[in-house]
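> what would the 3D arrangement of this be:
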Amino acid sequence: VNRVFSLSLFSCLAFCKGRVVRVPKGPLIRVVGTEVVIPCSVSDYDGPSEQNFDWEFSRETDFIRIVSTWDSTFTSEEYQKRVGHGDIKLRRSSNDAVELVIRNIQPTDQGRYKCSTPSTDATVQGNYDAEVQVKVISDGLSVSGSKARSSMSLRLSEGDSFKLRCSAITISPEHTHLHVTWQMKSGSTWRDILSLTHEGKFQPGPGYEERYHNGDIRLDTGANDTYWLSVSQASSVDGGAYRCLVSEWVRGADSSWQKIQEKSVEIATVAIQQTALDVVISTSNVSVTERDSLDLTCNITTDRSGISQAEVTWYFSVSPDDSLSDAQVLLSMDRDSVVSDSTLISLSHVDRNSYRLLVRDVDVEDSGYYFCQAAVWVPLHNGSWHKVVERTSAPVSVVVTALEPDYEVFLNASKTPKFSDDPTELNCRITNAQDTEANIRFTVSWYYKKRLPGDDVVTEELLATMDADWTLLLGDRSRERTQNGEIIFSKKAVDTFSLRIQWTSESDRGDYFCVISAWSRHRNNSWVKSKDVTSASVSIFWATQDYTLTVEAVKLKPFFVAGHTFEMTCKVSSKNIKTPRYSVLITAEKPLTDQSNPNGTTRIISLNQDSVVRLEDWTDQTRVDGVVLEKVQENEFRYRMYQTQISDAGLYRCVVTAWSPGGGGMWREAVNGLSNPIRIDFQTSGPVFNVSVHSDNPTIYQGELADLLCIVATEGMALEPDDMSFDVSWFAVRSFALDREPILLASLDRRGIVTQSRRNGSSDLSLERISPLEFRLRVHGCEDHDFGNHYCVVTPWVRSATGVWQQEPDIKAKPIFLSVKMDVLNAFKYPLLIGIGLATVIGLLSCLIGYCSSRWCCKKEVQETRRERRRLMSMEMD
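Presented below is the predicted three-dimensional model:
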């Protein structure tokens, strides 16, 4: 069954597929005398892509051969003449389609037309020809224009309206529709204006859509089959030849519309004459003095005689080449003679063709170019107005001469500096002022010129300037100093401007000049600069010399011993410094053996230029009031040091700084000076002290006690223990090579007060005096971080015969290395005991838990299951 079905399906497909020849569905209705085009195409064929076609014609039964694409002898004798003349021909549109063209078809051409294609297929399938019926009807369409035989000529003005008439009627025996199109010839081509289609729709041509929607172009139908074209607001583009194009349409058998003929008739030639408009300003170039009135007249001339209205607009521009879009609108008068509002400008209609512009109280900013633009408007049929022409006059140059005031400028220096930081004051004065009315305002600009050597160009720098509102605008050179109050710009009087430099510096030396600007007020209350007058330059200069400063130190008491008062004076002299003040610093250069200042120079006490005393690096708390620095005279200072110690030996100097008054009440450093040195040297035959560090056991274990002894030994003159006292400090360096900073451990002063530094570990320190010359440092419970080099620093104090305690230089002992070891047995003894104990306890606990679990928790009754006795099955049975 399936095989039979498949064969049937293939047979059907093979039968359905084959060559198909197509012609239009008939009948085709055509008008006698017109050209007929009958297309024919073929598809679904085999063989070459280009197919051949044969056309035949039959009035009743037999077909007569007309023309062929491949056989020139195919044409019958009846049609050879028409085919030879080209009245009947074939036109190929593609490889598989041709068109039969019959020119000037006649009633005898009515009948059946058959299109055939020779076979190029492997098998004969489909249809190889197709027929179409052609019906030829009489020409019943007539198109006419005006009653006159020739087209008429119309000469119109721009903006006018006109109407054109066309008559079209048909008496065709078939039911046909007319398609009427109005066209205008522009150049050599005809353009569609407006159409009434065969379907009864209005269709505007390209470019006429907006005018059609606005009602300016209409197509109206009238009696006796007439069609009117109405055009409003005619312009230059509407000039040309007009014709009426009428085509006749019929609905075919496939319900589509087919155009069967077309006729046209020229109706009229329309010439649009542009409206002439001349716009001229009566005067060419005008010169007006400031505060006067400007009077300009715009004359309009046109050739239009009908109803029209003019619109006038005045423009102003600073350049004659500017377009109207860039120009400023002054005033305008519309076609209803309504003038836009303005205070100082008026526009009046003098007569029919003249319009007057009057500008009162002109000023300099009114100088420029004035334009007059005029437009002519005409009324339309719907009551609206249409602008037919617009013109702009040539520009008129207007120059407004300013009323410049006449004045002079004089610059003088009321205060000139003789030294740096002296004040400078310059006055810029307006003299011999004439024609300075209330509308004139004066401002000043200050300039500075630096003197350059040789022929170098002198550059001007703006210090400050004033605008028309007397707002001060600062230059880069003076901005910061003016904001700080160092430079003051002021107006002392109506005619006087002042520049004051509170503290003149050397960089201010140079030439100064001022510029007085005159400003005129315009009618809009704005100010415009009208004139600048520059003064002569004033030179600000003074001779400068180098500052000199001399300092001499004098020792008042040539001989003294330890415990007495040291006293010296510093005398200062200076040159070329204005009203100087001095600051004094006392320094001491100690021997290099002094441990308190390894650099050698110590700043002791200072006194500044305001006589304020300050202790610098003086650190002896027992002698806080032991040094005094005072001002004896304006240029003399005295230094005292009470109860001198042997450690005070060294070279003492006075470092003096000279200060001069600066800007804003500040002091400016001028020059520094250093005095000659004054030596303090104590000749003594007292004892000599030596210090050493000793330990019986420098290597210890962690947790043990470390003993370190600081032993002081004396040589030379023997002293009683009550006449000696010591300050002892212990230090540690936590490294083997002494390459780190020492750490203070503890100290014991001569009064027996112990001071310890803060410690991070668990070990502890103790420092005690066990004999007059021995001091012991104990480290309790040593840890590994207590290792390192340890040493002591001893400061001896000796009581003199007068009962005064004298401080001797510090003595540093040679360090001793303290090594801290770990006791392995003691370190692991307690952890081992604890571990063994914990393991024993955990093992016993595990045994107990296992016993209890097996005894009570995991006990189950086991029942013996019955076993069935079955014989083994033989493998052969499987």
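> all helices of this protein, in order?
Along the chain, the segments classed as helices by DSSP state H run 2-16, 80-85, 209-213, 479-483, 824-852.
> could you tell me the least trusted of these?
For those, mean pLDDT drops lowest on helix 2-16, to a mean of 40.
> residues in contact with the residue nearest the centre of the chain?
Compute the mean C-alpha point of the chain, and by C-alpha atoms, centre = their mean the closest residue is Asp476, 26.4 Å away. Counting by C-beta atoms under 8 Å, 6 or more residues apart in numbering, Asp476 touches Glu461. Placement of C-beta: from N, CA and C, glycine included.
> how much space between it and Ile38?
Distance of Asp476 to Ile38, given as C-beta to C-beta, to the nearest Å: 95 Å.
> cool, and Arg251?
Going from Arg251 to Ile38 by C-beta to C-beta gives 18 Å.
> so Leu777 sits right up against Ser695, yeah?
No. Counting by C-beta atoms under 8 Å, Leu777 sits too far from Ser695 to count as a contact (9.5 Å).
> more neighbours: the two, which one.
More crowded of Leu777 and Ser695, by other C-beta atoms under 10 Å: Leu777, with 23 against 16.
> leaving out the residues flanking it, which one is nearest to the more buried one?
Among residues not flanking Leu777 along the chain, Leu708 sits closest, at 4.5 Å (C-beta to C-beta, 6 or more residues apart in numbering).
> which of the residues in stretch 563-576 are buried?
Along stretch 563-576, these residues count as buried under the neighbour rule (16 or more other C-beta atoms under 10 Å): 563, 566-572, 574, 576.
> apologies, that question was intended for stretch 342-355.
Judged by neighbour count using 16+ other C-beta under 10 Å, the buried positions of stretch 342-355 are 345, 347, 355.
> equivalent analysis for stretch 696-705, please.
By neighbour count on 16+ other C-beta under 10 Å, the buried set for stretch 696-705 is 700, 702-703.
> before we move on, back to that, looking at Arg251 and Ile38, which one has more neighbours?
Neighbour totals were compared for Arg251 and Ile38, and Ile38 leads with 19 against 15 (other C-beta under 10 Å).
> check contacts around the nearest residue to that one once chain neighbours are set aside.
Nearest residue to Ile38 in three dimensions, chain neighbours excluded: Leu100, at 4.5 Å (C-beta to C-beta, 6+ apart). The neighbours of Leu100, taking C-beta under 8 Å, 6+ apart as the test, are 36-40, 55, 66-67, 88, 90, 113, 115.
> ranges for the strands of the stretch 101-250 of the chain?
111-116, 129-137, 141-144, 152-157, 162-170, 176-186, 189-196, 202-204, 217-222, 226-231, 240-251 (DSSP state E, counting those that start in this stretch).
> I meant the stretch 251-400 of the chain, not that one.
Going by DSSP E, counting those that start in this stretch, the stretch 251-400 of the chain shows strands at 257-273, 277-281, 285-289, 294-302, 309-317, 328-333, 345-351, 354-359, 368-379, 385-392, 396-401.
> so for the last one, mean pLDDT?
Okay, so that is strand 396-401. Mean per-residue pLDDT for strand 396-401: 90.
> partner strands of that strand, with direction?
strand 285-289 (parallel), strand 368-379 (antiparallel) (DSSP bridges).
> tell me which of those lies nearest to Phe419.
Phe419 sits nearest to strand 285-289 of all the strands paired with strand 396-401, at 54.9 Å, using C-beta to C-beta.
> still on that earlier bit, give me whichever of the strands paired with strand 396-401 is most buried.
Ranked by mean neighbour count, these are led by strand 368-379 with a mean of 21 (mean count of other C-beta atoms under 10 Å).
> tell me the mean pLDDT over that one?
Taken as a whole, strand 368-379 has a mean pLDDT of 88.
> that one vs strand 294-302, what angle?
Taking axes from the mean of the first three to the mean of the last three C-alpha atoms, to 10 degrees, one finds strand 368-379 and strand 294-302 inclined to each other by 30 degrees.
> how far does strand 368-379 sit from its chain's centre?
Distance of strand 368-379 from the chain centroid (C-alpha atoms, centre = their mean, to the nearest Å) equals 45 Å.
> same question, stretch 567-587
Remark: stretch 567-587 is offset 59 Å from the chain centroid, using C-alpha atoms, centre = their mean.
> distance between the ends of it?
Its start and end residues considered, stretch 567-587 measures 14 Å (C-alpha to C-alpha, to the nearest Å).
> how close does Thr471 sit to Val409?
Thr471 is 21 Å from Val409, where distance means C-beta to C-beta.
> comparing those two, which shows the higher neighbour count?
The residue with more neighbours, out of Thr471 and Val409, is Val409; 22 against 9, by other C-beta under 10 Å.
> for Lys135, which of the strands of the stretch 251-400 of the chain is the nearest?
strand 257-273 (10.4 Å).
> could you list the low-pLDDT ranges of the stretch 401-550 of the chain?
The model of the stretch 401-550 of the chain has pLDDT under 70 over residues 435-438, 453-457, 523.
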